[in-house]
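S.K.: this one's structure only:
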């Protein structure tokens, strides 16, 4: 029996993933509260309402969550940015989301990222894939904000019993565009199914899931996907011929799981600071 | 041969630990830059200067660090506080400290806390003590800010080669005052020796050390103290008779390593929210 | 004899009503200072100047008002919004407007709203229409900011002799678009005439006027329009056939004078909180 | 049967009235949450906890109110101050208090003030005393913030069914110190009884009560005190001989109910602006 | 031998002058770091990177300057604006630029303006042209911010040996559009050559240069251009027939070197305040 | 005939100079408006009122200045401080003071400082003393804010006819305490007389005066003191024997007129950055 009687709050609704999820979940009959700092660019789907709000404005975020059963938190800066840009929406914003969830007895799906562990090396040959309970190795201020978010979930579970699922999204685009994405790609359909599985799961606790489709080249191994009964159904493998030769040529980028984010401003091991610098890469 | 030729920056200098460290390190001949948001309450020691500054003011923090070999970062909120109070000094402030260290090629000793892992249960009987590479289990916004700081150290080491030592301080007071401190106490003298060992160590990398004296009842096992050649010389054991019966009576407090911090606002498992509430406990 | 020798300050000049008023008053020969946070979208009329300014910036607002005889205050949030969005322009901004008026010996026309009294019920059958000296019953944060503005006018009149006219605008659009507007519509031409009557009136004191055209279905009775010698000349009655059947179907909306604003988030009397929720309705 | 099972939140706890109420209500067996921006200067009473918090920090205010049955809102600026000083605690703060009350289903006692109606003239001879449903005539930014608070109560009652009692406090001091207080004095004991009556009342709705003891010289007549079954038991009359000759000599002060607040900066009717100026009077 | 091995930071890169300089310097082989608050509207040139950043964010500005040899500071408000708009980017921003230069041992070209000396009268007939060491006579908040910038350069040279060139730009547009520009015009090509001469100069010290082409009608005489070996090669003279009759008709504008900026709000000498008022002239 | 009919606004009233001036001017019969961010520590003198206000709050500053004939601006940071501390009170605050003066037709005495020209060398032997129309050579952010203030006076005089006197105060203390003060000392009595001469002067224009007593060792020559008919009557000479041997031993300090301020952080000419560092010197 579906849990469609209570609304779901979706933050970051005006972004690419948010728009796709709004469309898919509404089509499945969920009642949605959509929010973003920028206006929703599409027609608001049947059964959904949109409210423009800032993640820094906690009281408004708490109001938006009233009566919700679940929060899909895709809001905040979604690429690497100067620290001050990340601070408000990604750190303070997370606090507001978790406070809202605690008050409502709602669960949280947090759109975490592979960049929370991006400085793990990519497995070579027969090397073991990375387990979800590995140590955090953030590769950027953005990645650090994602690690912070996962730990806030840990705190709210330990202290208040707020359930949360932390999806370390690899690369969620219409299709893979370079060799790295053969490992990291997450199809839109797999992401939508994951979100629904999360909402419908009987029990979640504090869980971590690798957000990638069923890719042969994946860097990632065991996680908590059984908790929600999700299995990806798509795969990047079919794109191997098309994009398998597209690499960056940057040795830092190619060595670590976080890819280009690890190389932005990288200054260790004889690299000249700023050789590869740009905060907008 | 000592590294006394370049200054050491000490933040949080006007606090109890800061004042003690200023006194001890100055007495050992180190050149100190002291800073705090509140005026230094003592006579500034010979060889030290004091500058009032806000950890939110990054450019000033960077200036204070110029030419320093090491930063002893004891600044920021040092107890649990509402999130907004923690945000500026403990999250933004850390960024400023690490940026300063990166620019100067300095190393950072971060005054982390057992509250970054406070929701681990206390070991009972023959149970294993907790290793330093355990997962984070913060017990408060304060503890979460400490986990964040350790991960920022991880990032700056991975990306920029900034060395950092994260000392998960237990309870650093003149002497233990309750039963829990028989496990967690860190004597002032042991802390001062630890700071000096850190400054003098040939190589630190990214390391984590339990900040406790040589206590029989300790919860904590292996860490990276060999990197800096530090061994605590004091012990809480002598205070067992005096304070060993002083416990909180709160089952949450007594179950978890973080003690009272875990119980502030605890609302899981049938506990009524706010039963034990006070943010100033 | 007209009072055209001294300029009139018009805030909110880039909004729909502001643009219309700028055009009409300039055509009548008034010297206008136009201001808004967003650029003026039209050609600035002959005899007018435009300055981009924030109502939060009091010193600049005071400069803009220098030498003015009257301020037409149409600036600030003009729909319901989260409290934090209303606070700056609608509360702080009002203070800046009234301080400017006090200093200049200018009078203020404040674009108040029916939403300051929106929780009065609509009169049924032979029930009396609402008098302007009724108690405030705001229906939203927006409506509350309008009540606040009227009371600030009361204070500045009582304490400093600053004259002010508070126009509780119903619905000022090119033409009525639903049944409620048959009661609440204010034509652009009637509004422009009202503004001119205000500027030209020999004495205003502290006055309140219902901002509606000559509508048979009006909810509103006596007010202070005689002070300025204004009578509406247009009427919504001619649109009755066209829009008279267009109602909301929401019982809260249809019961109270404030219409849809009363229903946004309404949670009394067995209504489930958030049934009708959207802050952008 | 007393309502002592759920806590009561008291803001402004560190002020004179707050300290008195904390002491009295704790002595009566109420569970109290105390909060203020400044530390609580006394021993925190048995059954009470104190949390330092800023009324501007909405999320923290909402947390403090969790599980409470009632909020006694005595926080914010309690004298006339420049507008910018009043804005945060007295306007934004009120919003946080009412949002908290709405979420918790709690009722609010708002410490309003006679300064919300201070520009009504004092009744002379046989003139009628002022009724509680009179129009607002604020005499200062402080008084305007109190009118705003009463109207926010009106809004939250109309829209969300949040019960609230608005006490227009006259002069609550240990004893009267001038002639005006023979009319306006509210004894500490009467105020404490009023607060308890409010907490215990079966139903409050939106009500307004004059906050004065049983004074023969009172300016004030009918109000809603029957809703809570409160009657003042003390009287200023016994102080008439002692302080009855102490008046200000300022004709504005002596004419209006708000007393000295009306005269601060008064500039009407031939008064030279600033003659009597000081914001700290 | 060219100094192309180290990057050059260009602020205000998205403005008209910034875009032109980015194009010209990149074409000459310089490695550029471009930054602006608004996105770069063109294709980022080969050898350049663009980072969106706020001049108020000092730590990010310091990062952008790392490893640079020179900073071309064209960022900040570039026309007269209300004081609050100028404060952040033009005053605080300058501090961040000079701190960055000090740390990097870089030199600064500051895009100053004739408006820092705009209240000097235009020379008539045989009157001497104005020397660069004249006293400052700013004509606007904008001009005052430029004087401030020149003095910050003076301070950083005297105290820290930071070299800086202050270019008092006249009117840098594709071509002159009125009579005043026959005196003040600076061609794009002359400006680009000036910037390159600055970067390449062996020694600059603290210098001031008039930013005008080789115009017969120029108001300006001796300066420090020999320090960098720059001579303008273009001239406004060829435009004399086309634009020589285009004047403002405003006696203030035509009397002073700063032109229209001096007349905005001018209120001396019998001028009625605000006669000529608009902050956007 | 004295100008005592209109009040004088004194900012920074709670500082050492402010308290002395409040006492002296009140004793001479001037009506004073005193203001400061910190409470006035003394009994407010007869004929004076005190209002706590922040120089950042422009609207309040403008209110305080209403009806005043003169502003004695001693407020703001009075020693060298990190830039962010100086920005608000010393830069924004100055704007508020000058706007207030313009509106009121008041004149401004600005407590400038020798630190606006501190990097001029001290004259040796027969070298000429420094003239008041010398170029600015600020020695600190504090000194730079003073140069900025003098130039704001220049702007307001040129554009709006606001008269202003800029007093470059040397060292105003009860008596000289080191050798440098034999040159720079300004007695309290001389300062008080200067302020009164300024208020009473028929015409001031834009003027600069060296704020030193009649000291044989003075660094300073011609200025505009004749405009106000002021001559210092005290002298540091009598203290030569007592303090003439007290020097700093720092060659930077002893070379430049600004003394210790020039040496704080001095990093030119082979000086190691931060050798002499402390922002609180």
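M.R.: Thanks, I have the structure now. The structure presented is a predicted model; accordingly, all values stated were derived computationally and were not measured.

S.K.: Spell out, range by range, the strands that occur in the stretch 1-150 of chain A.
M.R.: Shown for the stretch 1-150 of chain A, the strands assigned by DSSP state E, counting those that start in this stretch span residues A:8-11, A:32-36, A:48-52, A:70-73, A:107-113.

S.K.: can you check the stretch 151-281 of chain A too?
M.R.: A:164-169, A:206-211.

S.K.: For the stretch 51-200 of chain A, which residue gets nearest to chain E?
M.R.: In the stretch 51-200 of chain A, the residue that lies nearest chain E is residue A:82 (4.4 Å; C-beta to the nearest C-beta). In short, each C-beta sits where N, CA and C put it, glycine included.

S.K.: Nearest residue to the middle of chain A?
M.R.: Centroid-nearest residue in chain A: residue A:111, 2.5 Å away (criterion: C-alpha atoms, centre = their mean).

S.K.: circling back: for the strands of the stretch 1-150 of chain A, give me a markdown table that also has distance to chain B and mean pLDDT.
M.R.: Output for these, formatted as a markdown table (distance: least, C-beta to the nearest C-beta, whole Å; pLDDT from 0 to 100):
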| stretch | distance to chain B | mean pLDDT |
| --- | --- | --- |
| strand A:8-11 | 18 | 98 |
| strand A:32-36 | 20 | 98 |
| strand A:48-52 | 23 | 95 |
| strand A:70-73 | 16 | 98 |
| strand A:107-113 | 13 | 98 |
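
S.K.: what would those strands look like in a markdown table with distance to residue C:188?
M.R.: Formatted as a markdown table, the strands of the stretch 1-150 of chain A follow (distance: least, C-beta to C-beta, whole Å):
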| stretch | distance to residue C:188 |
| --- | --- |
| strand A:8-11 | 40 |
| strand A:32-36 | 34 |
| strand A:48-52 | 28 |
| strand A:70-73 | 44 |
| strand A:107-113 | 47 |
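
S.K.: which one of the ones you listed lies closest to residue F:91?
M.R.: strand A:48-52 (34.8 Å; C-beta to C-beta).

S.K.: helices or strands up against that closest one?
M.R.: The contact analysis (3 or more C-beta pairs under 8 Å, 6 or more residues apart in numbering or on different chains; DSSP states H and E) places strand A:48-52 against strand A:32-36.

S.K.: The strand it packs on pairs with which strands, parallel or anti?
M.R.: strand A:8-11 (parallel), strand A:48-52 (parallel) (DSSP bridges).

S.K.: So what touches the first one?
M.R.: For strand A:8-11, contacts defined as C-beta atoms under 8 Å, 6 or more residues apart in numbering or on different chains pick out A:18, A:21-22, A:25, A:30-36, A:55, A:64-65, A:68-76, A:97, A:100, A:106, A:199.

S.K.: starting at the chain centroid, how far to it?
M.R.: In terms of C-alpha atoms, centre = their mean, to the nearest Å, the centre of strand A:8-11 is set 14 Å apart from its chain centre.

S.K.: Skipping adjacent residues, who's closest to the residue of the stretch 51-200 of chain A closest to chain E in space?
M.R.: residue E:60 (4.4 Å; C-beta to C-beta, 6 or more residues apart in numbering or on different chains).

S.K.: Which residues are in contact with the one you found?
M.R.: A:82, A:83, A:84, E:51, E:53, E:54.

S.K.: Would you mind confirming that the first one is in contact with residue E:57?
M.R.: Yes: using C-beta atoms under 8 Å, residue A:82 is in contact with residue E:57, at 6.3 Å.

S.K.: so residue A:132 makes contact with residue A:212?
M.R.: No: contact criterion C-beta under 8 Å: residue A:132 and residue A:212 do not qualify, at 11.7 Å.

S.K.: Looking at the two, which one has more neighbours?
M.R.: More crowded of residue A:132 and residue A:212, by other C-beta atoms under 10 Å in any protein chain shown: residue A:212, with 29 against 17.

S.K.: and that one, how far is that from residue A:230?
M.R.: 12 Å (C-beta to C-beta, to the nearest Å).

S.K.: what bits of chain A have low per-residue confidence?
M.R.: A:1, A:270-281 (pLDDT under 70).

S.K.: for it, which helix is longest?
M.R.: helix A:141-160 (DSSP state H).

S.K.: is it anywhere near chain B?
M.R.: Yes: shown here: helix A:141-160 in contact with chain B (C-beta under 8 Å from any C-beta of the partner chain) through A:141, A:143, A:144, A:147, A:148, A:151, A:152, A:154, A:155, A:158, A:159, A:160.

S.K.: Next up, the contacts around the third one.
M.R.: With contact set as C-beta under 8 Å, 6+ apart, residue A:144 has these partners: A:116, A:138, B:148, B:151, B:152, B:155.

S.K.: Could you check how many residues crowd around the closest residue to residue A:18 other than its chain neighbours?
M.R.: Excluding its sequence neighbours, the residue lying closest to residue A:18 (C-beta to C-beta, 6+ apart) is residue A:12, at 4.5 Å. Residues contacting residue A:12 under the criterion other C-beta under 10 Å number 26.

S.K.: With residue A:161 instead?
M.R.: Residue A:161 has 17 nearby residues by other C-beta under 10 Å.

S.K.: what's the closest non-adjacent residue to it?
M.R.: Looking at residue A:161 with C-beta to C-beta, 6+ apart, the closest residue is residue B:268, at 4.2 Å.

S.K.: Residue A:78 contacts residue A:36, doesn't it?
M.R.: No: with contact defined as C-beta under 8 Å, residue A:78 does not reach residue A:36; the gap is 11.5 Å.

S.K.: Tell me which of these two has more neighbours.
M.R.: Just comparing residue A:78 and residue A:36: by other C-beta under 10 Å the higher neighbour count belongs to residue A:36, 23 against 18.

S.K.: what about the closest residue to the more buried one other than its chain neighbours, distance to residue A:64?
M.R.: Excluding the flanking residues, the one nearest residue A:36 by C-beta to C-beta, 6+ apart is residue A:14, at 3.8 Å. According to C-beta to C-beta, residue A:14 stands 14 Å off from residue A:64.

S.K.: Looking at those two, which has the bigger crowd around it?
M.R.: Of the pair residue A:14 and residue A:64, residue A:64 is the one with more neighbours under other C-beta under 10 Å, namely 26 against 21.

S.K.: For the more buried one, give me its contacts.
M.R.: Counted by C-beta under 8 Å, 6+ apart, residue A:64 has contacts A:9, A:33, A:35, A:51, A:53, A:100.

S.K.: what about the nearest residue to the last one once chain neighbours are set aside, neighbour count?
M.R.: Closest residue to residue A:100 apart from its sequence neighbours, by C-beta to C-beta, 6+ apart: residue A:65 at 3.6 Å. Applying other C-beta under 10 Å, we find 26 other residues in the vicinity of residue A:65.

S.K.: surely residue A:65 meets residue A:98?
M.R.: No: with contacts counted by C-beta under 8 Å, residue A:65 stays clear of residue A:98, the gap being 10.3 Å.

S.K.: Would you agree residue A:122 is in contact with residue A:218?
M.R.: No: between residue A:122 and residue A:218 there is no contact under C-beta under 8 Å: 10.4 Å.

S.K.: From residue C:251, how far out is the residue nearest to residue A:38 when sequence neighbours are not counted?
M.R.: Using C-beta to C-beta, 6+ apart and skipping the chain neighbours, the partner closest in space to residue A:38 is residue A:14 (4.8 Å). From residue A:14 across to residue C:251, the span is 32 Å (C-beta to C-beta).

S.K.: Residue A:162 too?
M.R.: For residue A:162 relative to residue C:251 (C-beta to C-beta), the value is 36 Å.

S.K.: Which one's more surrounded, the two?
M.R.: Higher neighbour count among residue A:162 and residue C:251: residue A:162, with 27 against 11, using other C-beta under 10 Å.

S.K.: For the more buried one, which non-adjacent residue is closest in space?
M.R.: Closest to residue A:162 by C-beta to C-beta, 6+ apart is residue A:156, at 3.9 Å.

S.K.: OK, contacts around the one you found?
M.R.: By C-beta under 8 Å, 6+ apart, the neighbours of residue A:156 are A:98, A:101, A:102, A:108, A:162, A:164.
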